[in-house]
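K.L.:
Here is a sequence with its predicted model. Questions after.
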Amino acid sequence: MGACLLCFAVAAIATLSATELVRVLALRLGACDQPGGRRVHRRPTARLGGLGIFWGFGVALLLAVYTGSDARDAVARGGMGMLGLFAGCGLMLITGLLDDVRGLSAPVKLGVQLAAATCVWWSGWRVETIGLPGVGAVAAGALSLPLTIGWIVFATNAVNLIDGLDGLASGLALVAALGVLAVVGPGVGSGVIAAVLAGALVGFLWFNVPPALIFMGDAGSLFVGFAVATLTLRGAIRSGPEMFPVLPLLLLAIPLTDAASAVVRRLVGAVRAAGSARELVHEARTRVMAPDRGHLHHRLLDAGLPAKLASLALQLSALPFALAASLIVRAPAAGWVVAALSAAGAALLWRFVHARAAAVAAGEPDVGTAAIATLEHVDDAWPEREAA
């Protein structure tokens, strides 16, 4: 446990020390997000923060490998799977960096994601059993490859898609990484990697909390998304034959809900716009890849919640699901109860948000006005900061 905490601290400090240099570099390269459109930030903001996260991640891993600690032994026991994880993370970082600086098409990014996920499957970290409620574990068989790749690619893009508010994606990834650590413990390789990733994200959040001084960019969201997708998969594999897909779904409940609703929303739009089967295929391909303003955080903003508190609300919503994942491994009955209560609470809260957003859009902002006004007072007290 001590070695794991040391790796966490080193990752946090290394990321903290490198991110300001990355921010200055990004500003000089012109790798910035400009305000306007779907974006809610108010000033040009650097977007190469993934480099700072990766630096802290790498420095802490080197410490774990070359200091002869318990963490080194734990990572070594991860075997070929660790190589697949590291290779995939490197591919994601490079792809995201190229997209941040020069721009890449969606098919190219998807192709690299498929290649990275295949590396993980080939290295041995793969779906081998599927947990079915009331049935138990069923061998994945020929579905192992598509399930492994499908999970990693979808979860990676879920983190990428929800990166729309300051600190949101990095905070949700932090919850998932800490959830993996709680599930598998610090004595195994995936636990060490989760602790290192969590430390790097803590260091980055100093610059990314509202108002953000730097964004993760695709370099960060793809790398971090791939890492948590693979770690949640590994956590399920180590926890028992019945833990996939329930455990990864709980650990990434908020990003996955957002991504799934986005896909459904865009496909429904394609069906409504298409007049023939050929047009449907074209519309679906176009709309699924196209950004829109219907994500969970956009709905919270439409309901009148300040951006800072919208981000915090989604991060806090992820905590009970991560707690449920940790409990399911140790006390299944209690874990399922917490998961059910978390889902019910989230559904009720979302009904309120939807009603509030509809009222605001109709010019009748009476639903929840007192609650929103209270939150706005909290937001007014939130300290502002400026880049140096």
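P.N.:
Nice, thanks for sending it over.

K.L.:
what about this structure, any weak spots by pLDDT?
P.N.:
Residues of the chain that meet the criterion pLDDT under 70 lie in 1, 36-42, 68-70, 364-388.

K.L.:
centre of the chain versus whichever helix in it runs longest, how much separation?
P.N.:
In the chain, assigned by DSSP state H, the helix with the most residues is helix 332-361. Put simply, helix 332-361 sits 20 Å off its chain's centre (C-alpha atoms, centre = their mean, to the nearest Å).

K.L.:
what number of residues lie near residue 157?
P.N.:
When neighbours are defined as other C-beta atoms under 10 Å, residue 157 has 23 of them. C-betas here are computed from N, CA, C, even on glycine.

K.L.:
would you say it is within a strand?
P.N.:
No: assigned with DSSP: H, G, I helix; E, B strand; the rest coil, residue 157 falls outside any strand and is helix.

K.L.:
which residues touch it?
P.N.:
113, 225, 259 (C-beta atoms under 8 Å, 6 or more residues apart in numbering).

K.L.:
Now neighbour count too, for the residues you listed, in TSV please.
P.N.:
Below are the contacts of residue 157 laid out as TSV (neighbours: other C-beta atoms under 10 Å):
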residue	neighbour count
113	25
225	33
259	22
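
K.L.:
which one of the residues you listed is nearest residue 249?
P.N.:
Among these, residue 259 lies closest to residue 249 (C-beta to C-beta), at 11.8 Å.

K.L.:
Name the helix or strand for the closest one, please.
P.N.:
Assigned by DSSP states H and E, residue 259 belongs to helix 253-273.

K.L.:
Check which helices and strands that helix sits against.
P.N.:
helix 144-161, helix 168-184, helix 277-289, helix 296-302, helix 307-330 (3 or more C-beta pairs under 8 Å, 6 or more residues apart in numbering; DSSP states H and E).

K.L.:
Residue 242 touches residue 129, doesn't it?
P.N.:
Yes: at 7.3 Å, residue 242 and residue 129 qualify as touching, with contact defined as C-beta atoms under 8 Å.

K.L.:
Can you pull the residues that touch both of these two?
P.N.:
Common contacts of residue 242 and residue 129 (C-beta under 8 Å, 6+ apart): residue 137.

K.L.:
Could you dump the contacts of residue 157 into a markdown table and include distance to residue 172?
P.N.:
Converted to a markdown table, these look like this (distance: C-beta to C-beta, whole Å):
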| residue | distance to residue 172 |
| --- | --- |
| 113 | 19 |
| 225 | 10 |
| 259 | 12 |
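
K.L.:
What's the local residue count around residue 347?
P.N.:
Neighbours of residue 347 using other C-beta under 10 Å come to 9.

K.L.:
Would you mind measuring from it to residue 46?
P.N.:
According to C-beta to C-beta, to the nearest Å, residue 347 and residue 46 sit 37 Å apart.

K.L.:
Residue 216 now?
P.N.:
From residue 216 to residue 46 the distance is 10 Å (C-beta to C-beta).

K.L.:
Please say which of these two ends up with more neighbours.
P.N.:
The neighbour count for residue 216 versus residue 46, taken as other C-beta under 10 Å, is higher for residue 216 (32 against 26).

K.L.:
need the contact list for residue 144.
P.N.:
Residue 144 neighbours (C-beta under 8 Å, 6+ apart): 121, 126, 127, 128.

K.L.:
From the contact counts, what lies against the helix or strand hosting residue 97?
P.N.:
For residue 97, the host element (DSSP H and E) is helix 80-101. In this structure, helix 80-101 makes packing contacts with helix 49-66, helix 106-122, helix 189-208, helix 217-239, judged by 3+ C-beta pairs under 8 Å, 6+ apart.

K.L.:
how about CSV for those, with distance to residue 6 added?
P.N.:
What follows is those, written out as CSV (distance: least, C-beta to C-beta, whole Å):
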stretch, distance to residue 6
helix 49-66, 7
helix 106-122, 27
helix 189-208, 9
helix 217-239, 19
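
K.L.:
Pick the most deeply packed of these.
P.N.:
Mean neighbours per residue, mean count of other C-beta atoms under 10 Å, is largest over these for helix 217-239, with a mean of 29.

K.L.:
That one to helix 144-161, inter-axis angle?
P.N.:
Orientation of helix 217-239 against helix 144-161 (axes from the mean of the first three to the mean of the last three C-alpha atoms, to 10 degrees) gives an angle of 140 degrees.

K.L.:
list the helices and strands helix 217-239 packs on?
P.N.:
Helices and strands touching helix 217-239, by 3+ C-beta pairs under 8 Å, 6+ apart, are helix 49-66, helix 80-101, helix 106-122, helix 144-161, helix 168-184, helix 189-208, helix 246-251.

K.L.:
List the buried residues of the longest one.
P.N.:
Meaning helix 80-101. 81-82, 84-93, 95-101 (16 or more other C-beta atoms under 10 Å).

K.L.:
Please apply the same query to stretch 292-306.
P.N.:
295, 296, 297, 298, 299, 300, 301, 302, 303, 304, 305, 306.

K.L.:
Rebuild the contacts of residue 144 as CSV, extending it with distance to residue 197 and secondary structure.
P.N.:
What follows is the contacts of residue 144, written out as CSV (distance: C-beta to C-beta, whole Å; DSSP: H, G, I helix; E, B strand; the rest coil):
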residue, distance to residue 197, secondary structure
121, 21, helix
126, 21, coil
127, 21, coil
128, 24, coil
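
K.L.:
Nearest the geometric middle of this protein, what residue?
P.N.:
residue 159 (3.3 Å; C-alpha atoms, centre = their mean).

K.L.:
Return the residues in contact with the residue lying closest to it once chain neighbours are set aside.
P.N.:
Closest residue to residue 159 apart from its sequence neighbours, by C-beta to C-beta, 6 or more residues apart in numbering: residue 225 at 3.2 Å. With contact set as C-beta under 8 Å, 6+ apart, residue 225 has these partners: 92, 155, 156, 157, 158, 159, 160, 169, 173.

K.L.:
how about 7 Å then?
P.N.:
155, 156, 159, 160 (C-beta atoms under 7 Å, 6 or more residues apart in numbering).
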